[in-house]
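**Student:** What follows is a predicted structure for the sequence shown.
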Amino acid sequence: MTKPTHDILLAENYTNNDGEEKTHFTNIGSAWQKDTGTVSCEIRTGLAVSGRFVITPVREK
């Protein structure tokens, strides 16, 4: 399988100690951009997720 082109991140809002609303992102899977323009997604096994998620290009580490 080829390397993923995108990360799938679960976005969870929270309020910090200063009262600012922030967002915490947790990586929950990977996605692959196909030559046809479609995107194939895979969520990690065993996760039950709901809510808002974002798909972002993989960042170089």
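**Tutor:** Nice, thanks for sending it over.

**Student:** can you give me the strands in this protein?
**Tutor:** Listed from the start of the chain, the chain has strands (DSSP state E) covering 6-15, 21-33, 39-43, 53-57.

**Student:** CSV please, covering those strands and showing mean pLDDT and mean neighbour count.
**Tutor:** In short, each C-beta sits where N, CA and C put it, glycine included. Conversion of these to CSV gives the following (pLDDT from 0 to 100; neighbours: other C-beta atoms under 10 Å):
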stretch, mean pLDDT, mean neighbour count
strand 6-15, 96, 14
strand 21-33, 96, 13
strand 39-43, 95, 13
strand 53-57, 94, 13
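
**Student:** what residue of the protein is the furthest out?
**Tutor:** No residue in the chain sits farther from the centre than Asp18, which is 26.6 Å out by C-alpha atoms, centre = their mean.

**Student:** separation between that residue and Gly29?
**Tutor:** Going from Asp18 to Gly29 by C-beta to C-beta, to the nearest Å gives 32 Å.

**Student:** Ok, Leu47 next?
**Tutor:** From Leu47 over to Gly29 (counting by C-beta to C-beta), the distance is 8 Å.

**Student:** How about Thr15?
**Tutor:** 27 Å.

**Student:** for Thr38, same thing?
**Tutor:** With distances taken as C-beta to C-beta, Thr38 is found 16 Å from Gly29.

**Student:** you'd agree Thr56 is up against Thr5?
**Tutor:** No: under the criterion of C-beta atoms under 8 Å, Thr56 is not in contact with Thr5, lying 10.2 Å apart.

**Student:** so who does Thr23 touch?
**Tutor:** Ala11, Glu12, Asn13, Tyr14 (C-beta atoms under 8 Å, 6 or more residues apart in numbering).
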